[in-house]
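Asks: Fold the following for me, if possible:
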Amino acid sequence: MHIISLERSLALMILCILSITLPAYAPPFVNENHDIHATVTKTTSNSQAITSNANVNDTATSAIISNLFDKVKDSVIEIVTVGNVINPKITIDDAPLVYGGAGSGSGFVYDINGNIVTNYHVTRGADVIYVKFSSGNSYPATIIGEDPYSDLAVIQVDSSALFRENLKPLRIENSSDVHVGQQVFAVGSPRGLTLSVSEGIISQINRIDLNIITGRFWTGGLIQTDAAINPGNSGGPLLNLEGDVVGVNEYGLVDIATGASEQGLNFAIGPATIQRVIPKLISQGTYEHPWLGIEIADVTPLFADSLGLSEARGVFIKSVTPEGPAEKTGITPFSIIFSVDGNVVKDKSELIDYVENNKLPGDEISLNIITSDGNRSDITSVLEQREEPF
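Replies: Purely as a prediction, here's the structure:
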């Protein structure tokens, strides 16, 4: 879509240039009217060629999207849930508010055993889950595993679907092959509109955001895209041109003041997180996240200048959890982390990604820090398991 628009813009520019400049270069001994006529004919011919190329590209793009859809339609699932929803922010008699409700989302086939990947916020609180295939057939499903911190879940379709449906698992792309500018497609059931496709690009990779479920802890490895992700798209795949999964669609940003969606600011869970978490959810039902027990922020240029640092890099420790792994080894608030296990970290995003992708509870982690009194030292801590959010 973006390539076509660019070509059309270039076509218009070329048309304008040809129309304006070519008559000025008419040979001096040629009849003026004939020359203008020839120029117009040439311009028209070029215009037709450019338009023809644009139409060819339109057709080619449509064919690509159509072929992609045919390839993945049997793998993308519509999910409907019924159950109790818990709202811990509202309490009655010191107990969180619980109310019944129905919800919907999307998912995709992960393996031939009937495991389907979706978002945790799609399955959360569900007592009954039904999944609908492109065939129109619906089946009950059960929760196999959930992880609130990554917002991922695995449900398994009833065994009867294994015989009636041609399960086609989608391949998870390697994170190293995901890049900015890559053309992507979000497939799912926004607002219950089954098997809808939206197109866009990857706007950026390795974004971080506060966990949307708990409002605590940072979630890393997110993919930012301008492909439309609306309510009901949650849990569906973000696909590349080959039909491989480059992300699990999660949410779009909303303007807090108006409640309106922020155009083109949508996020998906990246492939490294999918590959790390999903196998554990299938085998164990849960995922154990490593925890250091620090609240962090980036080092801003103004802050770096106030500390006499030559550049704004590193991770600032705002606070330390009492009795947490960091405090137990002498790490104090207002320190700055410069490297982890010998790897330089320029901001909190790099620290979060490194710990999540390379560490487990019980692992040691070595931090090179400058303490609040200006001393530089290496401190080794033992990571613990992050507490359950609910």
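Asks: wait, is V197 part of a strand?
Replies: Yes. V197 sits within a strand when classified using DSSP: H, G, I helix; E, B strand; the rest coil.
Asks: what's around it, how many residues?
Replies: Other residues within reach of V197, judged by other C-beta atoms under 10 Å, total 18. In this view, the C-beta of every residue, glycine as well, is placed from N, C-alpha and C.
Asks: Let me see the contact set for it.
Replies: Contacts for V197 were tallied using C-beta atoms under 8 Å, 6 or more residues apart in numbering; they are I65, L68, F69, F185, A186, V187.
Asks: The helix or strand where the last one lies pairs with which strands, parallel or anti?
Replies: Read it as V187. Taking DSSP states H and E as the criterion, V187 maps to strand 183-188. Here strand 183-188 is paired, per DSSP bridges, with strand 196-210 (antiparallel), strand 237-239 (antiparallel).
Asks: Save the contacts of V197 as CSV, and put in pLDDT, neighbour count and distance to R124 too.
Replies: CSV is the format used below for these (pLDDT from 0 to 100; neighbours: other C-beta atoms under 10 Å; distance: C-beta to C-beta, whole Å):
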residue, pLDDT, neighbour count, distance to R124
I65, 90, 16, 32
L68, 95, 19, 30
F69, 94, 17, 29
F185, 97, 22, 26
A186, 97, 25, 21
V187, 97, 25, 22
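Asks: Out of these, flag the one nearest to I331.
Replies: A186 (41.0 Å; C-beta to C-beta).
Asks: thinking the closest one is in contact with N249, fair?
Replies: Yes. Because the distance of 5.3 Å satisfies C-beta atoms under 8 Å, A186 is recorded as touching N249.
Asks: Look at N166 and tell me its secondary structure.
Replies: coil.
Asks: any idea where the helices of the stretch 51-200 of the chain begin and end?
Replies: Under the criterion DSSP state H, counting those that start in this stretch, the stretch 51-200 of the chain contains helices at 120-123, 160-164.
Asks: what's around G374, how many residues?
Replies: Here the count is done by other C-beta under 10 Å, and G374 has 8 residues near it.
Asks: for the residue nearest in space to the middle of the chain, what are its contacts?
Replies: Centrality entry for the chain: nearest residue to the mean C-alpha point is A268, 1.8 Å, by C-alpha atoms, centre = their mean. Remark: with contacts taken as C-beta under 8 Å, 6+ apart, A268 is in contact with A186, L222, I223, T225, I229, L238, V246, G247, V248, N249, E250.
Asks: Could you do S138 as well?
Replies: Under the criterion of C-beta under 8 Å, 6+ apart, the contact list for S138 reads Y130, V131, K132.
Asks: 10 Å instead, please
Replies: If you count contacts by C-beta atoms under 10 Å, 6 or more residues apart in numbering, S138 has them with E78, V80, Y130, V131, K132, V157, D158, A161.
Asks: For beta bridges, what are the partners of T219?
Replies: As assigned using DSSP bridges, the partners bridged with T219 are D209.
Asks: per-residue confidence for it?
Replies: Reading off the confidence values, T219 has pLDDT 89.
Asks: from what I can see it touches N206, true?
Replies: No. With contact taken as C-beta atoms under 10 Å, T219 and N206 are classed as non-touching, separated by 11.3 Å.
Asks: if I look at the two, which residues touch both of them?
Replies: Both T219 and N206 are contacted by G270, I352, under the criterion C-beta under 10 Å, 6+ apart.
Asks: who's more crowded, the two?
Replies: Taking neighbours as other C-beta under 10 Å, T219 and N206 compare with T219 leading, 23 against 17.
Asks: got the contact list for that one?
Replies: Applying C-beta under 10 Å, 6+ apart, the residues near T219 are 149-151, 207-213, 250, 267, 269-270, 273, 352, 356.
Asks: List buried residues within those.
Replies: By neighbour count, with 16 or more other C-beta atoms under 10 Å, these hold 149-151, 207-208, 213, 250, 267, 269-270, 273, 352, 356 as buried.
Asks: So among these, where is pLDDT lowest?
Replies: Of all the buried ones among the contacts of T219, I213 has the smallest pLDDT value, namely 81.
Asks: Am I right that that one falls within a strand?
Replies: No. According to three-state DSSP, the state of I213 is coil, so it is not within a strand.
Asks: Identify the residue nearest it in space, chain neighbours excluded?
Replies: Once flanking residues are discounted, I213 sits nearest to P148: 4.5 Å by C-beta to C-beta, 6 or more residues apart in numbering.
Asks: just K280 next, same as before
Replies: Closest residue to K280 apart from its sequence neighbours, by C-beta to C-beta, 6+ apart: Y287 at 4.7 Å.
Asks: now the contacts of S138: which count as buried?
Replies: Buried members of the contacts of S138, scored by 16+ other C-beta under 10 Å, are E78, V80, Y130, V131, K132, V157, A161.
Asks: Enumerate the beta-bridge partners assigned to the nearest residue to the last one once chain neighbours are set aside.
Replies: Yep, that's A161 we're talking about. Closest residue to A161 apart from its sequence neighbours, by C-beta to C-beta, 6+ apart: Y139 at 4.5 Å. According to DSSP bridges, V131 are recorded as the beta-bridge partners of Y139.
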